[in-house]
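[1] model the structure of this input:
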Amino acid sequence: MADTESTPLLNQREEPSSFESLRKRLLTRETLILLLLGLILVFLVLNVILFIVQTDEPKLPSGISDVPNHYQLRVSSRFAINFRWDYVLEAAPPLDLTSLPNRENKKQVKDYLLELNEKYSSSDKIASNNNNLTNFEDPDTPEFAELVSRSNKLWSPAYYEAREYREDENGLVSLVASTIASEESNFFSLTPSVIISFTRAKKLEATNIQSCQYKITWTSPVSDGLIKRKCPRAGEWRYRTISIVKGTSEWGMEFFDANEDLHYAVATRPSYHWNSLQKRIVLSYPDAPFPPILPAIYTAYYDYHTNRKNAKDLRLQEKENQ
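    Okay, here's the model as predicted:
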């Protein structure tokens, strides 16, 4: 019987041709490109939506900041949203600057204000002789301004707006936007600089400190900071340091001159009385080279970065414990 060539029971696997391999690589690359284009399209759509939302928001009329040199600052609620609190500025206990300890005795000044803050922090109402200190919703409370976070400002991250109450000659109360602050866009810094400007700056005299622009920079994450200022209309074309800030939000902050010799402002340690909402006294001396609202804005951003850092540390600790 003639020998017959045996046929393999299973077909041997053929190696893909070079053309087939190239086609598969191209398909993979096309998929990645389409995915990237899709993500870019989603980002652009979100930008457009947020832009429409922002432009449709009713804009408050602008106004000159009328925050006094001496006030109480507190958070508006117990919980921060997106690591940020809103803040309320209220009339502080009556204070005669002549009754303060000598300005050069910095510790005595801090202790005096802290004692005053603890004494009045649990009080819901503080008498004031200023007719302007009227709350828009409740005329019996001493609120005169709010520091409001605007989370939908995509192009101005960590945006804050200061809104101050105004009462006209007919007794009608309204809100004006006096100050805006936002972080500079910086993807390489955990604590970007903060730019602060006043809404009526261009309509004021060049020598008015509200006609200037201010910048907060940080010497290290959640640590001491610097307040810088430039006043182009007054010949200050570049930012220069006007104040060095020492301390923390938890234990109180002091605002010095650039040589750390002179006190410009003090923000006391907050009271942690159960209903005080972290009330603290803020005092700016009349010769401070920045408007009195600056310590409140500094506190807001300090708290914001502290909350972010605490959340990050908590996540890292949870991962280590897993």
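[2] low pLDDT regions in the stretch 151-300 of the chain?
    Along the stretch 151-300 of the chain, segments meeting pLDDT under 70 span 151-157, 186-190, 221-222, 274-275.
[3] do a quick rundown of the strands in it.
    For the stretch 151-300 of the chain, applying DSSP state E, counting those that start in this stretch gives strands covering 159-167, 173-183, 194-198, 213-218, 225-231, 236-248, 252-256, 263-267, 280-284.
[4] kindly reformat those as JSON lines containing distance to residue 62.
    Just so you know, the C-beta spots here come from the backbone N, C-alpha and C atoms, and that holds for glycine as well. Below are those laid out as JSON lines (distance: least, CB to CB, whole Å):
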{"stretch": "strand 159-167", "distance to residue 62": "11"}
{"stretch": "strand 173-183", "distance to residue 62": "6"}
{"stretch": "strand 194-198", "distance to residue 62": "9"}
{"stretch": "strand 213-218", "distance to residue 62": "15"}
{"stretch": "strand 225-231", "distance to residue 62": "19"}
{"stretch": "strand 236-248", "distance to residue 62": "23"}
{"stretch": "strand 252-256", "distance to residue 62": "26"}
{"stretch": "strand 263-267", "distance to residue 62": "25"}
{"stretch": "strand 280-284", "distance to residue 62": "22"}
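[5] buried deepest among the ones you listed, which one?
    strand 280-284 (a mean of 26; mean count of other CB atoms under 10 Å).
[6] who are the packing partners of it?
    strand 70-75, helix 106-120, strand 263-267, helix 294-321 (3 or more CB pairs under 8 Å, 6 or more residues apart in numbering; DSSP states H and E).
[7] any idea which of those gets closest to residue 36?
    helix 294-321 (28.1 Å; CB to CB).
[8] can you pull the buried residues of that closest one?
    Residues of helix 294-321 classed as buried: 294-308 (neighbour count, 16 or more other CB atoms under 10 Å).
[9] neighbours around residue 200, how many?
    17 (other CB atoms under 10 Å).
[10] surely it meets residue 177?
    No. In this structure, residue 200 is not within contact of residue 177 by CB atoms under 8 Å, at 9.6 Å.
[11] got any residues that touch both of those two?
    Listed as contacting both residue 200 and residue 177 by CB atoms under 8 Å, 6 or more residues apart in numbering are 62, 63.
[12] once you drop chain neighbours, what's closest to residue 198?
    residue 210 (4.3 Å; CB to CB, 6 or more residues apart in numbering).
[13] so how far is residue 231 from the one you found?
    Residue 210 sits 10 Å away from residue 231, going by CB to CB, to the nearest Å.
[14] joint contacts of the two?
    With CB under 8 Å, 6+ apart, residue 210 and residue 231 have no common neighbours.
[15] one step back: rank the helices and strands packed on strand 280-284 by pLDDT, which is bottom?
    Among these, helix 106-120 has the lowest mean pLDDT, at a mean of 70.
[16] beyond that one, next helix or strand please.
    strand 143-150 (DSSP states H and E).
[17] among the buried residues of helix 294-321, which one lies nearest to residue 79?
    residue 307 (10.6 Å).
[18] and that closest one, what does it touch?
    80, 83, 84.
[19] cool, residue 80 as well?
    Residue 80 neighbours (CB under 8 Å, 6+ apart): 303, 307.
[20] state the distance from it to residue 307.
    6 Å.
[21] CA atoms of stretch 296-313 as CSV?
    Output of stretch 296-313 as CSV, limited to C-alpha atoms (Å, rounded to 0.1, in the frame of the first residue of the first chain):
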residue,chain,number,x,y,z
ALA,A,296,-10.0,88.8,57.0
ILE,A,297,-9.0,87.8,53.5
TYR,A,298,-5.7,86.5,54.6
THR,A,299,-7.4,84.4,57.3
ALA,A,300,-9.8,83.0,54.7
TYR,A,301,-7.1,81.7,52.4
TYR,A,302,-5.0,80.5,55.3
ASP,A,303,-7.9,78.4,56.5
TYR,A,304,-8.5,77.2,52.9
HIS,A,305,-5.0,75.9,52.6
THR,A,306,-5.0,74.4,56.1
ASN,A,307,-8.2,72.5,55.3
ARG,A,308,-6.7,71.1,52.1
LYS,A,309,-3.5,70.0,53.8
ASN,A,310,-5.4,68.3,56.6
ALA,A,311,-7.6,66.4,54.1
LYS,A,312,-4.5,65.3,52.2
ASP,A,313,-2.7,64.2,55.3
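[22] much appreciated, bye for now.
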